[in-house]
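Novice: Using only what follows, build the 3D model:
(chains A and B)
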Protein chains: 2
Amino acid sequence: MLEVEIKARVSSLQDVEMRLFEMGASYLGEEEQRDVYFAHPCRDFAQSDEALRLRRGGGRVFLTYKGRRLEEVTKTREEVSVGVESFESAKLVLERLGFEKVAEVRKLRRSYRVGDYLVELDRVEGLGEFVEVEKKGEEYSPEELLDFLAAMGIERRAIERRSYLELLLGERDG
Amino acid sequence: MLEVEIKARVSSLQDVEMRLFEMGASYLGEEEQRDVYFAHPCRDFAQSDEALRLRRGGGRVFLTYKGRRLEEVTKTREEVSVGVESFESAKLVLERLGFEKVAEVRKLRRSYRVGDYLVELDRVEGLGEFVEVEKKGEEYSPEELLDFLAAMGIERRAIERRSYLELLLGERDG
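Specialist: Numbers count the residues shown, from 1 in each chain, chains lettered A, B, ... in the order given. Have a look, this model is predicted:
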């Protein structure tokens, strides 16, 4: 599954939410997500631009591998995910295999659907407010996503290519 | 969770099953299990005596880490397991992380409970017939397990300390 995703930092999620209502967006729900990221025992994920995440939210737990970003503006990357029955047991299996927790991202996420787009409004603990737009499994189309962001009143310079993990770890935009 | 387990090769599972009936064992069920074992991307599991297994059986899937054996006669070792929602997706996440499939063990397992013991009668494809006895999370008691094997008519020399994975890979007893 290829995930084409774009993210922007915004000053007011409420303004974006108003715009979404005007566009006829469907509200999908809200959930608190707790994401734990792990370092690989013998591969430098920062170098290889990969990530391994264990997410708890909305009563479910997912283990997700993310491949390196394939495009400059969006965060297009391969994503492979599997539902697991227990956060703690999955974490323990990973730890026994040598994976170490590097950071934890906590956020409140409200999700909307507009046509083929999934729009996520994130309040991220310690980082601020962001909008993520994605089209799952679709043809690679960064320009389309940029147009969609513009329709929501978000400028191109607001785009944040770094992941929440990178922002938390204080990496520079490059 | 510490798993204390002993395994023996038998010439006839039917004889053992008769004995179990006489001992008042409760039949728990039968399932076909397909176990895929993986090599770690940077640790030699054969050297470290660990294992990572993805098991499909009875409509469920489990990812299990097994620590090194802690005792000479039994196969006492740490075991950490987590249920996962999809065999194929879990396998793909592992492969992306650099784990490679090394072998597959297929067996038909019939399970019985006798008091505190779990008894498993295994017909393993390509390897033969085996009986496994375990006490989960219990105090370390290899002698107790040996006595129990004797009660089922199984001699001490029939004990097989190698795992099915090792037997399949043709490792020598040592």
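Novice: how about the nearest residue to A:Met23 once chain neighbours are set aside, phi and psi?
Specialist: Distance criterion Cβ to Cβ, 6 or more residues apart in numbering or on different chains; nearest residue to A:Met23, sequence neighbours excluded, is A:Val114 at 5.5 Å. No exception for glycine: its C-beta is placed from N, CA and C like everyone else's. In terms of degrees, to the nearest 10, the main-chain angles of A:Val114 are phi -130, psi 100.
Novice: does A:Val114 have beta-bridge partners, and which?
Specialist: A:Tyr117 (DSSP bridges).
Novice: Touching, it and A:Phe21? I think so.
Specialist: No: counting by Cβ atoms under 8 Å, A:Val114 stays clear of A:Phe21, with 10.5 Å between them.
Novice: Helices of chain A, start to end?
Specialist: Taking DSSP state H as the test, the helices found in chain A are A:13-22, A:45-48, A:87-96, A:142-151, A:164-168.
Novice: Can you pull the residues of chain A lying near chain B?
Specialist: Applying Cβ under 8 Å from any Cβ of the partner chain, we find that chain A lies next to chain B at A:40-43, A:50, A:52, A:63-65, A:67, A:78, A:80-86, A:89-90, A:92-93, A:96-98.
Novice: if you set the cut-off to 6 Å instead, what comes out?
Specialist: A:41-42, A:65, A:80, A:82-86, A:89-90, A:92-93, A:96 (Cβ under 6 Å from any Cβ of the partner chain).
Novice: Can you pick out the most distant pair from these?
Specialist: A:Cys42 and A:Glu85 (27.5 Å; Cβ to Cβ).
Novice: count of residues packed around the residue nearest to A:Met23?
Specialist: Using other Cβ atoms under 10 Å in any protein chain shown, A:Val114 is surrounded by 16 other residues.
Novice: so how far is A:Asp15 from it?
Specialist: 16 Å (Cβ to Cβ, to the nearest Å).
Novice: next one: A:Val36
Specialist: The value you get for A:Val36 to A:Asp15, if Cβ to Cβ is used, is 31 Å.
Novice: Contacts only, for the residue lying closest to A:Ser89 once chain neighbours are set aside.
Specialist: Nearest residue to A:Ser89 in three dimensions, chain neighbours excluded: B:Val82, at 3.9 Å (Cβ to Cβ, 6+ apart). By Cβ atoms under 6 Å, 6 or more residues apart in numbering or on different chains, the residues touching B:Val82 are A:84, A:86, A:89-90, A:93, B:63.
Novice: at 7 Å instead, please
Specialist: A:84-86, A:89-90, A:93, B:62-63 (Cβ atoms under 7 Å, 6 or more residues apart in numbering or on different chains).
Novice: Could you identify which of those has the most neighbours?
Specialist: With neighbours taken as other Cβ under 10 Å, the top of the contacts of B:Val82 is B:Leu63, carrying 27 neighbours.
Novice: show me where chain A has strands.
Specialist: Per DSSP state E, chain A carries strands over the ranges A:2-9, A:26-39, A:51-57, A:60-66, A:77-84, A:100-114, A:117-124, A:128-136.
Novice: angle of the fourth one against strand A:51-57?
Specialist: When axes from the mean of the first three to the mean of the last three Cα atoms, to 10 degrees is applied, the directions of strand A:60-66 and strand A:51-57 differ by 160 degrees.
Novice: Kindly report the same for the fifth one.
Specialist: Using the same axes, to 10 degrees, the inter-axis angle of strand A:77-84 relative to strand A:51-57 is 50 degrees.
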